[in-house]
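Student: Here's a sequence, model it:
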Amino acid sequence: MVTSVSGWTIYNTACFLAAEVGDLDTLRQQLFNRTLLNYLWVLMIMVTFFGGVIHFYLIKRLIKPIRNLIRSTKELKLGHYPKPVKVYEKDEIGQLALQYNGLIEQLQINEQQRNRLVTDISHEIRTPLSNLNGYLLALKDGDIIGDKALFASLHQESNRLSKMIEQLEQLKEWDYLSAQSIVEKETFEIQPILLQCVAMFERTLEQKNIPILLEIESCKIDIHVVGIQQVISNLLENAINYYEGDGPILLVGERRGKDYRISISGPSKPIPEIEKEKVFRRFYRLDSSRSRMTGGSGLGLAISKEIIEGYHQGEIGIDTTSSSNTFWVVLPV
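Tutor: Have a look, this model is predicted:
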């Protein structure tokens, strides 16, 4: 419609200009008008045709990614993970497709982590349960006679199971809290909190004859007190359980610009470089037999990582030397 009106306007204008030319007679003017009209008809047909082709192409290009998204969501609804939706442009629909692909990828990662967690839990619980069932069955059948050492061993396995279940509950709770927009933090002086954590291990340190040195600066920080106490306790327990050597365990707390850094160092067998990130995974152990002897479940560092990075938006890591390991925590002030 617009093309027809525009063409007709051009035609009338041309006719008007032609009529103004005094040298042209009526016959020549009519011939000119007819020729011009034919050209305009051809032009309008061409414009309409190519305009329709372009319109069809643009509509198809706009509708195709939307149809792909609809098809993909239907497949996802059926419980299948679809292939990534192809991104044609960087416009709004392209951005939507990118976000959708990211969502699918995250859902797959979450399912893999969930499946791995279930597998790990089954594996970790199966061993102590098998031990308990085996000993109890042997006691029941009279194949072995219970003594103090045996009952102590059974009690240790039972305690390890209880601790593992408790830590799984803690991990689930911190996962949930980290996902919430509202966090329960208060401003506390960090020095007495660290000293209180050390006091909890004084008896163990004395029994194992392990010296400890403290270098703690005062600083007020917004923290979840129970969470920080749990992290420091986990790191101190690791330093004690894996202590090898004659030097002291060193706990340092210091202000560094806009952060507060807490580090716990102790003489021990160095952790290989490729294992540094793995030690923070759930159920991961460098030495499984030793961890079971000390009651470790492989969850303490995973909980610590969730508390520091997930809840406090801080950092946690490890540095090693040839004769010591240093676990450190950085909290924003």
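Student: mind listing the strands for the stretch 151-300 of the chain?
Tutor: Listed in chain order, the strands of the stretch 151-300 of the chain (DSSP state E, counting those that start in this stretch) span 186-189, 212-216, 220-223, 249-256, 259-267.
Student: Same list, the ones you listed, but as CSV with distance to L235 please.
Tutor: Heads up, the C-betas are built off the backbone N, CA and C, glycines and all. Output for the strands of the stretch 151-300 of the chain, formatted as CSV (distance: least, Cβ to Cβ, whole Å):
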stretch, distance to L235
strand 186-189, 18
strand 212-216, 13
strand 220-223, 15
strand 249-256, 9
strand 259-267, 5
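Student: Which one, of those strands, ends up nearest to N241?
Tutor: Among the strands of the stretch 151-300 of the chain, the nearest to N241 by Cβ to Cβ is strand 259-267 (9.8 Å).
Student: re the thing from before, highest average neighbour count across the strands of the stretch 151-300 of the chain?
Tutor: By mean neighbour count, with neighbours taken as mean count of other Cβ atoms under 10 Å, strand 259-267 ranks first of these at a mean of 21.
Student: what residues are up against S233?
Tutor: Taking Cβ atoms under 8 Å, 6 or more residues apart in numbering, we find S233 in contact with 197, 200-201.
Student: From these, list the buried ones, please.
Tutor: 197, 201 (16 or more other Cβ atoms under 10 Å).
Student: quick one on the thing from earlier: any chance of JSON lines for the strands of the stretch 151-300 of the chain, columns distance to G79 and mean pLDDT?
Tutor: Listed next are the strands of the stretch 151-300 of the chain as JSON lines, based on distance: least, Cβ to Cβ, whole Å; pLDDT from 0 to 100:
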{"stretch": "strand 186-189", "distance to G79": "44", "mean pLDDT": "88"}
{"stretch": "strand 212-216", "distance to G79": "53", "mean pLDDT": "94"}
{"stretch": "strand 220-223", "distance to G79": "42", "mean pLDDT": "91"}
{"stretch": "strand 249-256", "distance to G79": "49", "mean pLDDT": "95"}
{"stretch": "strand 259-267", "distance to G79": "45", "mean pLDDT": "95"}
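Student: Among these, which comes closest to T73?
Tutor: Closest among the strands of the stretch 151-300 of the chain, using Cβ to Cβ: strand 220-223, at 41.2 Å.
Student: Give me the sheet partners of the closest one and which way each runs.
Tutor: Its sheet considered, strand 220-223 pairs with strand 186-189 (antiparallel) by DSSP bridges.
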